[in-house]
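Undergrad: This is a predicted model, with the sequence first.
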Amino acid sequence: MATVVQPDLRLQLNHTNRPYGGGWWPGGDDVSHQILDLMGRWPADRPSIVSYAFLHDNWDRSEASVPAQYLTRTLILVLSDRSSCRLLMIPHDTDPAAAEELLAEASNPHTTWRRMDFASTFRAAVSQ
C-alpha cells in the first residue's frame, strides 16, 4: 500500500541562496496540479510566483548514474520582484526519512552540501 504524502514546502529566509533556496516534496506526480498546490502554499510575505521551469534533466552528466526513481529535480521559480528561487523537488514517493533529510538541507542556509549531494533520494541503510 502506498504511503500518502502530505505536501511539504520549506524555504530559507533568503530564498535566493544556492544551491537551493528551499525544498518541495509534492503529494503526487501530476505536475500541473502540484504546481497549483505549491502556489497556494507559497508564503504571502514573499514575492509571488510568476513562472516556473525545470532544469533540464540532463544538465549535469554526473547525475546520469542516478536511477530515475531516485532522481530529484530542480524547479526554478521566477518571482514578481524579478528574483528567482531554486527549489529541490523531491519525488512524491520518496521514503519520508530521506525526504526529511533532503528538505532539512535544502532549507538550511548554512548547508555544506554540494549540488550532487541533493541529486539522489537513495540513502544506504545505516548500520547500528
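TA: On my side now, so go ahead.
Undergrad: my read: residue 74 touches residue 63, true?
TA: No: in this structure, residue 74 is not within contact of residue 63 by CB atoms under 8 Å, at 10.4 Å. (C-beta placed from N, C-alpha, C; glycine too.)
Undergrad: Report the buried residues of the helix-or-strand element of the chain with minimal mean pLDDT.
TA: When each helix and strand of the chain is scored by mean pLDDT, DSSP states H and E, helix 31-41 comes last, with a mean of 91. For helix 31-41, burial by neighbour count (16 or more other CB atoms under 10 Å) applies to 34, 35, 37, 38.
Undergrad: Residues touching that helix, excluding its own?
TA: If you take CB atoms under 8 Å, 6 or more residues apart in numbering as the criterion, helix 31-41 is touched by 7, 9, 24, 26, 27, 28, 49, 52, 92.
Undergrad: Sketch out the strands for this protein, chain order is fine.
TA: With strands called from DSSP state E, the chain shows them at 8-11, 22-25, 49-54, 73-79, 84-89.
Undergrad: Mind putting these into CSV with mean pLDDT, distance to residue 122 and mean neighbour count?
TA: Below are the strands of the chain laid out as CSV (pLDDT from 0 to 100; distance: least, CB to CB, whole Å; neighbours: other CB atoms under 10 Å):
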stretch, mean pLDDT, distance to residue 122, mean neighbour count
strand 8-11, 96, 19, 19
strand 22-25, 96, 15, 24
strand 49-54, 94, 20, 12
strand 73-79, 94, 15, 19
strand 84-89, 94, 15, 21
